[in-house]
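Visitor: This is a predicted model, with the sequence first.
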Amino acid sequence: MDSIENYPTTAVPTEPIITPEAWRGEDLAKTTEWLYKLSEEELRDIDDALRHVEGKGLVPPEFTKEDFPLPIFGSSLDEIREELEGGRGFIIMRGIDRVK
């Protein structure tokens with residue numbers, strides 16, 4: 001077993017962390033910016049992309065972004081990815097039919 005000396009250490013912050021990913025529950029309660037409701041148009045776009053890959057006989061992970069065209073939802077998805085990677089680090093999407 002490794003001794004504690006073999007593990008990397010990090011400094012304990014001495015200043016408040018004020019970056020977007022340093023949210024607190026009370027801050028989230030003041031806004032709904034972290035909720036994303038898919039429109040009917042975006043849902044149709046996703047359904048069309050699913051039919052497209054199914055028509056090609058592809059299943060995850062055998063297809064790429066290029067195989068899954070999202071002409072309508074794609075730009076919103078790019079913004080969501082930016083929020084995940086450089087913002088709060090999460091978003092709740094609503095409107096997706098879990099049965100499909």
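Guide: Cool, the structure landed.
Visitor: make it CA atoms for all contacts and neighbour counts henceforth
Guide: Noted.
Visitor: so what pLDDT did Ser98 get?
Guide: One correction, residue 98 is Arg, not Ser. Arg98 carries a pLDDT score of 85 in this model.
Visitor: quick one: contacts for it?
Guide: Contacts for Arg98 (CA atoms under 8 Å, 6 or more residues apart in numbering) come out as none.
Visitor: any idea of the mean pLDDT for the longest helix that the chain contains?
Guide: Ordering each helix of the chain by length in residues (DSSP state H) puts helix 40-55 first. Averaging pLDDT along helix 40-55 gives 95.
Visitor: buried stuff in it?
Guide: Glu42, Leu43, Asp45, Ile46, Ala49, Leu50, Val53 (16 or more other CA atoms under 10 Å).
Visitor: So the second one versus Met93, what's the distance?
Guide: Between Leu43 and Met93 the computed distance is 12 Å (CA to CA, to the nearest Å).
Visitor: likewise the first one?
Guide: Note on Glu42: its distance to Met93, by CA to CA, is 12 Å.
Visitor: Please enumerate the strands of the protein.
Guide: 35-37, 92-94 (DSSP state E).
Visitor: Gly57: which of the ones you listed is closest?
Guide: Ranking the strands of the chain by distance to Gly57, with CA to CA as the measure, places strand 92-94 first at 27.4 Å.
Visitor: That closest one - what's its average pLDDT?
Guide: Mean pLDDT, computed over strand 92-94, is 96.
Visitor: Name the surrounding residues that touch it.
Guide: Contacts of strand 92-94 (CA under 8 Å, 6+ apart): Trp34, Leu35, Tyr36, Lys37, Leu38.
Visitor: what's the residue lying closest to the last one once chain neighbours are set aside in contact with, if anything?
Guide: Leaving aside its chain neighbours, Leu38 sits nearest to Gly95 (5.4 Å; criterion: CA to CA, 6 or more residues apart in numbering). With contacts defined as CA under 8 Å, 6+ apart, Gly95 is in contact with Lys37, Leu38, Ser39, Leu43.
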